[in-house]
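Colleague: A structural model of the following input is requested.
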Amino acid sequence: MNTNFSFAIKSTRFDEHYQPSDNTRITTNFANLARGARRQENLRDTLRMINNRFNALANWDNPNGDRYSVEVEIISVDIDIEGNGQTFPTIEVLQTTIIDHAHNKRIEGLLGNSFSSYVRDYDFSILLLDHNQNQARFSVPENFGDLHGKLFKYFVNSAAYRQNFSKQPVICLSVSDSKIYHRTENQHPVLGFEYEPNEASLTENYFKQMGLQVRYFMPPNSTAPLAFYFFGDLINDYSNLELISTIATMETFQKIYRPEIYNANAVAGERFIPSLQHPDHSLTRIDYDRAERSQLAIKQGKFAEEHFIKPYRAVLEQWSASFAV
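Modeller: Alright, predicted model coming up:
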């Protein structure tokens, strides 16, 4: 039985001409934008927001606020379980590249940013829901996220990863709307004020299974903190421009998808309780259907169950039991 999985990595430019591939999760934030009658305007406006936010944060030696622009690539990772060339879409992340127009040079940004996974859809939208269907109190299944976490760590430590990427990923997500966040005295010039949650969220524990730790920062002129998931040392392993590329990209997406939190008309204070029912917020001009996205997560979780979890259950269980980084 094969227990040496291989990965195929593909890159797709995210620009105003982007069209999702057949293997892209429709619920992925960047894919969701590229649909409907206003798809090209959505994409163009999103990229403009990313560039404006980048220049606002990278304001040194940038008097006109137009020195930089950001290119975004969608990195799709497919896994071959049996070694026969048949693959299943494992994860999708984003890779940023910074264009310095003052010196006409390209600067590598960060890999990660967004994080998309069919297996995570299965865990949260199928396994977790089924487990709690007849429970009086919410609970998490035993070994929840264990397989997904091991697959992610296996990829990050693979030869395919080392051949394509020079640094470990940083994933930037929304804060949980079920936790309370307290501002600390720690302030970074780019990441801003650090916040700490009152307790770990389900997402935080899930990403811990992937080997990632988390810190929460609210960048300058933001309305709410962002969650930064990373290996190593977030502050010292990455340059300011690299961190800004992630902030500009992911804060833009969050303003579109969670405007109640990230496009609110009031800034998070010392004690912050995020809410998706917060009425005092502004909408972007970009079309987005959040209800449809939630419904599709269940559909895509079932797809993962049918085409990955069930057919490969035996080999995945054997591989997981013997897994070591």
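
Colleague: Pull the number of nearby residues for the closest residue to Glu92 other than its chain neighbours.
Modeller: Leaving aside its sequence neighbours, Glu92 sits nearest to Ser116 (C-beta to C-beta, 6 or more residues apart in numbering; 4.1 Å). Bear in mind the C-beta positions are built from the backbone N, C-alpha and C, glycine included. Residues within reach of Ser116, counting by other C-beta atoms under 10 Å, total 22.

Colleague: tell me what the helix or strand where Ser116 lies is packed against?
Modeller: Taking DSSP states H and E as the criterion, Ser116 maps to strand 105-117. Where contact means 3 or more C-beta pairs under 8 Å, 6 or more residues apart in numbering; DSSP states H and E, strand 105-117 is packed against strand 87-100, strand 170-174, helix 240-257.

Colleague: Work out the gap between that strand and the centre of the chain.
Modeller: Computed by C-alpha atoms, centre = their mean, to the nearest Å, the chain-centroid distance of strand 105-117 equals 10 Å.

Colleague: which ones are touching the closest residue to Ala268 other than its chain neighbours?
Modeller: Of all residues not flanking Ala268 in the chain, Ala224 sits nearest, at 4.8 Å (C-beta to C-beta, 6+ apart). Ala224 sits next to Val175, Met218, Ile261, Tyr262, Ala264, Val267, Ala268, Phe272, Pro274 when contact means C-beta atoms under 8 Å, 6 or more residues apart in numbering.

Colleague: Show the buried residues in the residues you listed.
Modeller: Among the contacts of Ala224, those scoring as buried are Val175, Met218, Ile261, Tyr262, Ala264, Ala268, Phe272, Pro274 (criterion: 16 or more other C-beta atoms under 10 Å).

Colleague: could those residues go into a markdown table alongside distance to Pro169, pLDDT and secondary structure?
Modeller: What follows is these, written out as a markdown table (distance: C-beta to C-beta, whole Å; pLDDT from 0 to 100; DSSP: H, G, I helix; E, B strand; the rest coil):
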| residue | distance to Pro169 | pLDDT | secondary structure |
| --- | --- | --- | --- |
| Val175 | 19 | 94 | coil |
| Met218 | 22 | 98 | strand |
| Ile261 | 23 | 94 | helix |
| Tyr262 | 21 | 93 | helix |
| Ala264 | 28 | 92 | strand |
| Ala268 | 26 | 94 | coil |
| Phe272 | 26 | 96 | strand |
| Pro274 | 24 | 94 | coil |
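
Colleague: all strands of the stretch 1-150 of the chain, in order?
Modeller: 6-14, 68-80, 87-100, 105-117 (DSSP state E, counting those that start in this stretch).

Colleague: Can you pull out the low-pLDDT segments for the stretch 1-150 of the chain?
Modeller: Along the stretch 1-150 of the chain, segments meeting pLDDT under 70 span 1-3, 20-38.

Colleague: For Asp177, give me the pLDDT.
Modeller: As predicted, Asp177 sits at a pLDDT of 89.

Colleague: Correct me if wrong: it contacts Tyr262.
Modeller: No. The criterion here is C-beta atoms under 8 Å, and Asp177 misses it with Tyr262 at 11.6 Å.

Colleague: Please convert the buried ones among the contacts of Ala224 to a markdown table, extending it with distance to Gly83.
Modeller: As requested, those are exported to a markdown table (distance: C-beta to C-beta, whole Å):
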| residue | distance to Gly83 |
| --- | --- |
| Val175 | 41 |
| Met218 | 46 |
| Ile261 | 44 |
| Tyr262 | 43 |
| Ala264 | 50 |
| Ala268 | 49 |
| Phe272 | 49 |
| Pro274 | 44 |
